[in-house]
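**Q** Based on what follows, work out the 3D shape:
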Amino acid sequence: MSRAYIVAADPESLARSASEFVVSRLEAAVRSRGAARWMLAGGSTPRRLYEIVRDRSDIPWNRIALYWGDERCVPARSPDSNRRMVESTLLADGRVVPASVHPIQGDAPDPVAEAARYGTVVDDPGTSAPLSMDVVLLGVGPDGHVASLFPGTPELQIRDRSVAAVARSPVPPHVGRITVTFRLLDSARSIVVLAAGPEKRPVAEGVWYRDDGRLPAARLRPTEELRWFLDPAAAGDLDRREASAPAPDDPGRR
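**A** Numbers count the residues shown, from 1 in each chain. Sure, this is the predicted structure:
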């Protein structure tokens, strides 16, 4: 696995550079395999990236399937809904083929049943193994959580299924959640993590200097490449500590 971080000049540059990376991997998948799978992140950090990607006219949306990494158990029109955020940004212009959009139903009456249903969406029906996502986009919390995989919770240890229900989030909003597990994340080809703001700096340091296994973000092991995109506030002194590091696409760069 190739690991690298990229420090952008500001949040707008972060969104633009990350969007270029995501699109390049989706286009490469379409060229080589005829189709691509993109797993989306919720929260606020990816919003600008989705707007940038939406406004591009060169993306083969008829060949790209979209999946959700996690969802909050809230009504579909709630401001806390990841689905609503994606629909108001990436999907707002209607160019994405509806049949290619596979959201988690956060307002399902039984989250455990919904987690089981979504597992059938993201697992290969022939092998029961997780579908290999070409790109998984993730935000990261100040506690180091990714998707809805929180430090010290039993969901971190799940390896026999790709989707799980979380009874109650330890961070606001304190509601149930439905999340993919490391079983699926570890099968992804590329994982892109977005981190912006000074509250993310301890997480970045924990991942890049200590490889702190207590942080869910430090456990990410895609099959091909892991890329973190940070703004200066989140990066802190990463570049000063690694002033002689190789270029971002060099597999040797941590």
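**Q** Residue 208 touches residue 5, doesn't it?
**A** Yes - if you go by C-beta atoms under 8 Å, residue 208 and residue 5 touch, sitting 6.5 Å apart. Bear in mind the C-beta positions are built from the backbone N, C-alpha and C, glycine included.
**Q** Which of these two has more residues huddled nearby?
**A** Taking other C-beta atoms under 10 Å, residue 208 and residue 5 do not tie; residue 5 has more neighbours (23 against 20).
**Q** Checking my notes, that one in a helix, right?
**A** No - counting by DSSP: H, G, I helix; E, B strand; the rest coil, residue 5 is not part of a helix but strand.
**Q** Apart from its chain neighbours, what residue comes closest to it?
**A** residue 228 (4.1 Å; C-beta to C-beta, 6 or more residues apart in numbering).
**Q** what packs against whatever helix or strand that neighbour lives in?
**A** Counting by DSSP states H and E, the element that carries residue 228 is strand 225-230. Applying 3 or more C-beta pairs under 8 Å, 6 or more residues apart in numbering; DSSP states H and E, one finds that strand 225-230 makes contact with strand 2-7, helix 11-33, strand 190-195, helix 201-208.
**Q** Check which element follows that strand along the chain.
**A** Past strand 225-230, the next helix or strand by DSSP H and E is helix 232-235.
**Q** now that next one, how far from the chain's geometric center?
**A** 19 Å (C-alpha atoms, centre = their mean, to the nearest Å).
**Q** Just the buried residues of that helix, please?
**A** 232, 234-235 (16 or more other C-beta atoms under 10 Å).
**Q** so residue 182 sits right up against residue 160, yeah?
**A** No - in this structure, residue 182 is not within contact of residue 160 by C-beta under 8 Å, at 11.4 Å.
**Q** what stretches of the chain score poorly on pLDDT?
**A** 239-254 (pLDDT under 70).
**Q** Have a look at residue 182 and residue 160 and say which one is more surrounded.
**A** For the pair residue 182 and residue 160, the greater number of neighbours falls to residue 182 (20 against 7), based on other C-beta under 10 Å.
**Q** Now that one. Its backbone dihedrals?
**A** For residue 182, the backbone dihedrals (degrees, to the nearest 10) come out as phi -70, psi -20.
**Q** Quickly note the distance from it to residue 74.
**A** Going from residue 182 to residue 74 by C-beta to C-beta, to the nearest Å gives 24 Å.
**Q** picking up where we left off before, tabulate the helices and strands packed on strand 225-230 in JSON lines, adding columns for distance to residue 171.
**A** Converted to JSON lines, these look like this (distance: least, C-beta to C-beta, whole Å):
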{"stretch": "strand 2-7", "distance to residue 171": "24"}
{"stretch": "helix 11-33", "distance to residue 171": "21"}
{"stretch": "strand 190-195", "distance to residue 171": "16"}
{"stretch": "helix 201-208", "distance to residue 171": "13"}
